[in-house]
Structures are given as C-alpha cells and as structure tokens.
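J.: can you look at this prediction? I've put the sequence above it.
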Amino acid sequence: MAARLSLIALAILLALVPLFAVSSLTFLAIVYAKSLAVLGIILLLQAGQVSFGHGMFFATGAYTAAFLGRAMGGGGDLALLLVASVGTSLVLGLIVGLFVVRYRYIFFGMLNLAFSMVLYSILEKFFHLTGGSDGLRIRRPTLFGFGFDRGQFDLLLYYVMLVLALAGAYLVWRYLKSPLGQALKAIKTNETRLEYIGLSARSVLLVGYVISAVLCGIGGAGLGLIQGIATPEYTYWTRSSEFVFIAILGGVGHVAGALTGTFVYEAIRTYAAAFVADSWQLILGFVLLAIILKAPTGIVGVFETIAQRRAAARATPANALESANLESMK
Amino acid sequence: MSLDTLILAVSDGVAYASLVFLVAVGLTFIFGVLGVLNIAHGSFYALGAYMAVSIGLGLVKMGFSPWLTFPALFVAAILVGAVLGGLMEKLLLQRIYDKEHVLQILVTFAVFMMLENIQRLIWGVQPYFMSEPLQLLGNVSLVGINYTAYQTLFLPLLALAVLLGLRFFLRHTNAGAQIMAVTEDREAARAIGIDAQRVYFLTFIVGATLAALGGAVAAPTTSLIPGMGAEMIVLSFAVAATAGLGQIEGAAVAALMIGLGRSLAVYIAPEFEVLVPYILMVLVLIVRPSGLFGATAVRKI
C-alpha cells in the first residue's frame, strides 16, 4: 500500500514539473520516450531473452511519424502519428517475431541484431526514399486540428509522453501478473514444463515480443517528435545496446526499473558525457560488467533489498542479527 | 552480365569468403567448445587489422623491406589473439561458465562495447590503409582478367590452410583430442585427468587469434574504419548460423555461399550488397532452423 501511495505521489510530482522546472521539460520527455523502449527490453528479459536489435522498432516508430507527417502535409496529427507508429511497429514486430521466437538466448539476441543492421543499411542506402544518413525531418504536428507554437508543443509533448510512459509501465506490470505474463516468465525458468501444461512457448513469447516491439515503436515516435528528426542512428547497434544497458542498470526485476534507469542514465549522460565523450562506450561497458558481476538486480533491486532488510530488522531483531552475521561471513 | 564481370565477381567473392571464413570459424570453434558466443569476436577482427597496419607501416617507415609486412600480419594476429583473448578468458569468462545464458551474452557484449571504444581511442576515426602486401604479390591473369594475386591466391590458400590445419589439429593431435573430449562431455573428460580450464583457455586463444588473423589479412584489401568490428560480428554470426553453430567445415561452405552471393549482388544490384548475407541466412534458417549442417545436437565440432 505504501509503495502504491508513493507511486501516485511520484506521478503527481511529475505532472507538476512544468510549474517549477520548465527548462527540464525536454530532458524529461526524452527520458519518458526512452523508458518505453527500455520497458520493452525488460519485458523480454522476463523470459530470459535479450535483444540487441530493438532499435529497429524504435526507428520504425520514428520513420512512421516522419513519413506520415510528410504525406499529410504540415506535420500531420500527433494522435494519428502515434497510432500509426503503433501499427507499423506491431506489424514489423509480428513479422520479425514469427521468425525469432523459434530461437533462444544467443540466437535470439544476434538475429535481432542482424535484423536491425539490415534495417539500418536499408535506411542508409535507399537515400532517395529515406534521406540517407541525414534522416528525415519531422515537422511539428497539430493535435485534433489545433496548432501549437514551440513552447506549447513542448508542454503538450511532455504530458503525452508522461502519460504514455506511466500507462506503459502500468500495463506491462498488469500483463506480467496475468496468466500470459506468468507463462512468459516460465520460458526463463522451465520451458519444457510450460509446454507440458499445454501452452505453446512460441506463441507466449511472440505475444511478449510484439508488445515489446510496440513499446519501442511508441518510444521511437516520441523521441523523433521531440528531436524533430528520424535518422538511421535510431536502429544502429549502439542505440539498441543503450536500451539493454539501461534495463540492466535500472533493474530487470521490476517495471519501475525502466523509468528509474532511464532517468539516472540520461542525467549522467547529459551532464557528465561532455567530459568523457571519447570514452563513453568504454565506461558503459565497464559499468555493465560491474553490475552483471556484482549487483545483477540493478538500482531498483538494490533498493528492494535494502527495504526488505529493514523490514526484516523491524520484525525480528534476532533474525536481523543472524542475517548480518551471514553478510559478514560472505 | 558478361563473362568478364562474372569472373571478377567470383574472384571478389572467393577472396571475401576467405576473410569471413577466418573470422567465422574462430567464432564457431569457440562456441562449439565453450558454449559461449563471443560478441567481442568482431572487435578482435578490427583490432587485428589495426595492429597489423600499425606494425607493418611502422616497419616500412623504419626502412625495413616491405616484405616484412607479411610476417607483421601474423605477428599482429597472434599478439591480439593471445594477449587480449587470453586476458578476456582468464579475467572474465572463467567466472561465468556456470551462470545464466543471458549473463554470458551480456558479459561478452560489455567487452565488445569497451573494445570498440578503446580501438577508437587509440586509432581515431580516420581511415587506415596498407597496400604493401597487395602490391608486392602483383597481379595474376585469369582468362584474360587481371586480378591481384593477394586476393586470388594468398587469401583462399590461407583459408584452406586454416581449415585443413584445424581439422588435422582436432583429429590427429593430443591437444585436439583433449578439446574434442571436453566438448563431448566436460565431466567425463575431467574424470580422466584432462584440465578443462586449460582446454577452454587454449580454445579461446586459438579462436580469438583466427579473428585477429582475418582482420590482419583483410587490412591490405580494405580501409580500416570504426564500426568494422560491429559489421563483422554480425556477418560472421550469419555465416556460423547458416552453417549451424559449431560446424567448422560447414562454416567454409556457408562463407563461400555468402561471399559469392554478396559479390554477385555488388555487380547486379549494389543497393542489396549488405542485405544479401542476411537474406541468405534467413532463407536457410526458415527451412532448416539449426543451419545447413547443424544436427539436432547443437554442440558439436
């Protein structure tokens, strides 16, 4: 209950941000957009699978917004652009998903990577259609016929992305608690038993895969709208690996890891990356190794462990002593 | 398409296939024995190339004969493979053999991110090129078409030598027999006194050296740019997956298939050049999910 209350308080706080910190609106909107993609990665990690190619759905979302906006003239309608990017990423997720859910672990990860590289080279080579490596511009869209100036649009986008990020996290949380979500987790623990109770592991994973693709698609459309451009870099391997990194950083055990991880990551990147721009990937790789080997539950996991230990200490001091002894013995 | 362009395309394809084979066979060999697919494999390829160019050009600059660039290729490969590969296996991989698959994947991926960055820190982003070995061997004439001897003779012969050498090593030497034993059944191999850790260590170094060698001998035929490692890991995975992971001879066939397909595309539909390997891979995997030569048991040498 306390956790739920603090989450609601956090949501209200985030909704009030425009009142006191206008300058950080764009930064936070980017965090929300990326957290949707990270959510997709976390969802797949529940099944024990890691994808190094989800940038392809991110790019799909962004290019959908760019193409449709251009076709409709004047930037198109925001709601329509987002719905369309859900549609395209869903279709691509289904096509690629039908193929990759036959594989697990390294094949799953590498096939996703291969598909995203294919999309990257298509976007780069067919420049008469896609603008090549310069990408496509995304003009500021209208919403239900209303036009906005720059400041208003930033505010609008902030709330749209906030609602989408929170709704995404909530829906994924509900999904993971549902029977279908439990079946997804069973792919990681014991796929054979899952098949024994009559469920097709492939269909279960396909549903999860399509959802994660759609989440990435919305995130990509969001980031494209915020930055006003869609480039092939959206599906480059560094982008996909960024999502995986953030998911591991935030913690894969909980949907809250997506937003927490993205916020921490983006904050560090925005304020510290300028000093270490040359060795950014090196640092990321090193931190990733440290997390995997030392704290595999990520930020949210560390907080959970601390909270649990405190609760245990309050309940039975003797037990706490025992666990403290165990800790020191390690 | 005239006969001339066909011959050109085939020579191109065979040369390219030889390079990809060297890298892919290292990848598939390591996977066959260790059960780990090393994503940093592409970085070994790139670092081998950069190291070869640095050593080779350094020697030429110091006034040594340009023929020394040939041994420099091999020295660079062994240096990168033994030092970096050895360090990676000893410091990282040994800790994770018993861990979850997803963690193993993430560890090698983290190393890949770090090595890509280190490579950029050392050699920067400007392209490197070393044409000495290419020029020294001159041209050969194939049915009236002139093509470099380096690409028509040296690279395919090297690939063939590696293929036969690896076969001989695994089937007819003591160390090879130990590797086969550990691959077949690690516990049983240890029970009869084989040091599995040492076998893993040696296997990883051999595999990493093959990747670096692929990069080193590729250096004279292409200009070195950042991102070549990322491209190569996906491509060599495509080759290994098309063949069936762990299949050494199969990797040679798949490399030839993908190399020829790609070079034909260059002359027929250049936009599709990069796509052809993946289209071939997907087509093969749709029909045969574990690759052309992959049997039901995936872990096989």
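T.: Good, I have the coordinates. Residues are numbered from 1 along each chain as shown, chains lettered A, B, ... in the order given.

J.: need phi/psi at residue 49.
T.: Since no chain was named, I'll use chain A. phi -110, psi 140 (degrees, to the nearest 10).

J.: next one: the biggest helix by length in chain B to chain centre, how far?
T.: Identified as the longest helix of chain B according to DSSP state H is helix B:3-34. What separates the centre of helix B:3-34 from the centre of its chain is 8 Å, taken as C-alpha atoms, centre = their mean, to the nearest Å.

J.: what residue ranges in chain A score low on pLDDT?
T.: Low-confidence segments of chain A, defined by pLDDT under 70: A:1-3, A:273, A:316-330.

J.: please apply the same query to chain B.
T.: B:1, B:144, B:295-301.

J.: tell me which parts of it are close to chain A?
T.: B:37, B:39, B:92, B:95, B:100-103, B:105-107, B:109-114, B:116-118, B:120-121, B:230-231, B:234, B:237-238, B:241, B:245, B:271, B:274-275, B:278, B:281-282, B:285-286, B:289 (C-beta under 8 Å from any C-beta of the partner chain). (Each C-beta comes from the backbone N, C-alpha and C, glycine too.)

J.: for PyMOL, write the select line for the buried members of these.
T.: Buried subset of the residues of chain B next to chain A, written as a PyMOL selection, criterion 16 or more other C-beta atoms under 10 Å in any protein chain shown:
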select buried, chain B and resi 37+39+92+101+102+105+106+107+109+110+111+112+113+114+116+117+118+120+230+231+234+237+238+241+245+274+275+278+281+282+285
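
J.: in helices, which of the residues of chain B next to chain A appear?
T.: Counting by DSSP H, the residues of chain B next to chain A place B:95, B:101-103, B:105-107, B:109-114, B:116-118, B:120-121, B:230-231, B:234, B:237-238, B:241, B:278, B:281-282, B:285-286 in helices.

J.: isn't A:F99 up against A:L111?
T.: Yes. The criterion here is C-beta atoms under 8 Å, and A:F99 meets it with A:L111 at 7.2 Å.

J.: between those two, which contacts overlap?
T.: B:L285 (C-beta atoms under 8 Å, 6 or more residues apart in numbering or on different chains).

J.: who has more neighbours, the two?
T.: Using other C-beta atoms under 10 Å in any protein chain shown, the more surrounded residue of A:F99 and A:L111 is A:L111, with 26 against 15.

J.: where's that one, which helix or strand?
T.: Following DSSP states H and E, the helix or strand that holds A:L111 is helix A:105-125.

J.: got a list of what B:D12 touches?
T.: Applying C-beta under 8 Å, 6+ apart, the residues contacting B:D12 are B:Q151, B:S263, B:V266.

J.: distance check, it against B:F21.
T.: Distance of B:D12 to B:F21, given as C-beta to C-beta, to the nearest Å: 15 Å.

J.: cool, and B:V266?
T.: From B:V266 to B:F21 the distance is 19 Å (C-beta to C-beta).

J.: and the two? Which one has more around it.
T.: With neighbours defined as other C-beta under 10 Å, B:V266 and B:F21 compare such that B:F21 has more, 31 against 17.

J.: please work out how many residues are found near B:R190.
T.: 15.

J.: check contacts around the closest residue in space to B:F201 that isn't next to it in sequence.
T.: Spatial nearest neighbour of B:F201, excluding adjacent residues (C-beta to C-beta, 6 or more residues apart in numbering or on different chains): B:E89 at 5.3 Å. Applying C-beta under 8 Å, 6+ apart to B:E89 gives the contacts B:Y200, B:F201, B:F204, B:I205.

J.: among these, which one is most surrounded by other residues?
T.: Within those, B:F204 tops the neighbour count with 25 neighbours, counted by other C-beta under 10 Å.

J.: what sits against that residue?
T.: Here B:F204 is in contact with B:I30, B:L34, B:N38, B:G85, B:G86, B:M88, B:E89, B:L93 (C-beta under 8 Å, 6+ apart).

J.: how much space between it and B:F44?
T.: Counting by C-beta to C-beta - B:F204 and B:F44 are separated by 10 Å.

J.: anything in contact with each of those two?
T.: B:G85.

J.: quick one: the strands in the chain, in order.
T.: Since you didn't name a chain, this refers to chain A. For chain A, the strands defined by DSSP state E occupy A:136-137, A:229-230.

J.: try chain B instead
T.: B:139-142, B:145-148.

J.: please identify the deepest-packed of the ones you listed.
T.: strand B:145-148 (a mean of 17; mean count of other C-beta atoms under 10 Å in any protein chain shown).

J.: and the contacts of the helix or strand following it?
T.: Going down the chain from strand B:145-148, the next helix or strand is helix B:149, by DSSP H and E. Identification of contacts with helix B:149 by C-beta under 8 Å, 6+ apart yields B:L137, B:G138, B:N139, B:V140.

J.: could you report the neighbour count for residue 283?
T.: If you meant another chain, say so; for now it's chain A. Count around A:I283 with other C-beta under 10 Å applied: 16.

J.: meant chain B actually
T.: Neighbour tally, B:L283, other C-beta under 10 Å: 11.

J.: residues contacting it?
T.: Contacts of B:L283 were listed using C-beta under 8 Å, 6+ apart, and none were found.

J.: quick check: it vs B:V143, distance?
T.: According to C-beta to C-beta, B:L283 stands 31 Å off from B:V143.

J.: and for A:L80?
T.: For A:L80 relative to B:V143 (C-beta to C-beta), the value is 60 Å.

J.: okay, the two: which has more neighbours?
T.: A:L80 (17 against 7).

J.: gap between the more buried one and chain B?
T.: 31 Å (C-beta to the nearest C-beta, to the nearest Å).

J.: residue contacts, that residue?
T.: Contacts of A:L80 (C-beta under 8 Å, 6+ apart): A:L68, A:M72.

J.: 6 Å instead?
T.: By C-beta atoms under 6 Å, 6 or more residues apart in numbering or on different chains, the contact set of A:L80 is empty.

J.: much appreciated, bye for now.
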